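Q: I would like to see how this sequence folds:
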Amino acid sequence: MKESFRHFEHKKVDLIGLGNAIVDIIVNIEDEFLEINNLDKGSMNLINSDESQRLLENCKVIKQISGGSSANTIVCLAELGNDVQFIGRVKNDQFGNFFSSDIKKSKTIFNTPPTNEGASTAHSIILITPDAQRTMCTYLGASIEFEPKDIDFSVLKESKYLYLEGYLWDSELAKNAFLKAAQIAKQSNTKIILSLSDSFCVDRHRESFLELIDNYVDIVFCNESEVLSLFKKDKLANCQGDLSSLCELVVVTLGSNGSLIINNNVIEVIKSMNKGKVIDTTGAGDIYAGGFIHGLIKNYSLKKCGEIGSICAGQIITQLGSRSNMDFRELIKRNIIK
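A: Got it, this is the predicted structure:
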């Protein structure tokens, strides 16, 4: 059966990603820190700049990384040797300068000019407890001011894939940029990939996400909770028909239970491939998507795409942060099932 998400005209760029440009600030804490600051373990909390400063004053920073959901996926693809670009808004400030220099270390192309006006660069304080659970406190700052003028739309026409994160839908300005990019991509035979981002994001935008997918999207990445939110169901088993008809290719990550690949009513089950003790689950789904899309770009079978995604995600959860301490390409060579 023809897989239209693999068929391209000649294009120079493998993938362009749009998303929130966020500096991830990784902190190790004890459970007591969450209680003192009235934070629920595993939650994602939006904070203002004053709250950010207060939290940072009371904990020790372990690592800083150029992050954000889409950026994590794009960097994974760059580290696997693909020609990729990231587009996101930063300010000309300390965090913005760090984001720009750090993401370029992976050979990701990042040409979005920093702004001298508006809110400061977004950052997310990722609080890691001893059980490897992450609690996120995010100041969205400049990222929610992302707008169409931040995008060089001409480059989209030269890309095989456009990768979009659902978080962009929260801002009207970013949503406009998101939609214009999707329209140009569709006109240019650039295949569109959507990550649903999180279940709360899906709750906020369920109907418009479904409309967006129906009109533009070729591939959806999501996890179990996002699926249940999208279709308002209580069990994944009750969503099979909905998933099969959502778009041509849907990939559902299931944590330690692996992942599902749904393509034209055919479901492929992929096992998880943990590479050691779980230290931090930050960005695991983003990195899985990067590994999977790498397989698509290389024209591998969907099963092999899923296995590569699992290998990359299995490695990333054994360390702090969403940048691998190991060469993904070597890891895949040693672990991929022929």
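
Q: per-residue pLDDT, the residue nearest the centre of the chain?
A: Among the residues of the chain, S69 comes closest to the average C-alpha position under CA atoms, centre = their mean, at 3.0 Å. For S69, the model assigns a pLDDT of 91.

Q: wait, V13 sits on E158?
A: Yes. Proximity of V13 to E158 meets the contact threshold set by CB atoms under 8 Å, at 5.1 Å. For every residue, glycine as well, the C-beta is placed using N, CA and C.

Q: higher neighbour count, those two?
A: A count of neighbours by other CB atoms under 10 Å puts V13 above the other of V13 and E158, at 19 against 16.

Q: do a quick rundown of the helices in the stretch 1-150 of the chain.
A: With DSSP state H, counting those that start in this stretch as the criterion, the stretch 1-150 of the chain has helices at 31-36, 49-57, 69-79, 94-104.

Q: relative to L194, which of those helices is closest?
A: L194 lies closest, by CB to CB, to one member of these: helix 69-79, at 10.4 Å.

Q: contacts for that closest one?
A: Helix 69-79 is contacted from outside by 14-15, 17-22, 66, 84-86, 88, 103, 106-108, 163-165, 167, 195, 197, 283, 286-287, 289-291, 293-294, 297, 312, 322-324, 327-329, using CB atoms under 8 Å, 6 or more residues apart in numbering.

Q: at 7 Å instead, please
A: Counting by CB atoms under 7 Å, 6 or more residues apart in numbering, helix 69-79 makes contact with 14-15, 17-19, 21, 84, 86, 88, 103, 106-108, 163, 165, 167, 195, 197, 283, 286-287, 289-291, 293-294, 312, 322-324, 328, all of which sit outside it.

Q: okay, and which of these map to strands?
A: Filtering the contacts of helix 69-79 for membership in strands, criterion DSSP state E, returns D14, L15, G17, L18, V84, F86, Y163, E165, S195.

Q: give the contact list for the closest residue to V27 other than its chain neighbours.
A: Among residues not flanking V27 along the chain, C59 sits closest, at 4.7 Å (CB to CB, 6 or more residues apart in numbering). Counting by CB under 7 Å, 6+ apart, C59 touches V27, I29, F33.
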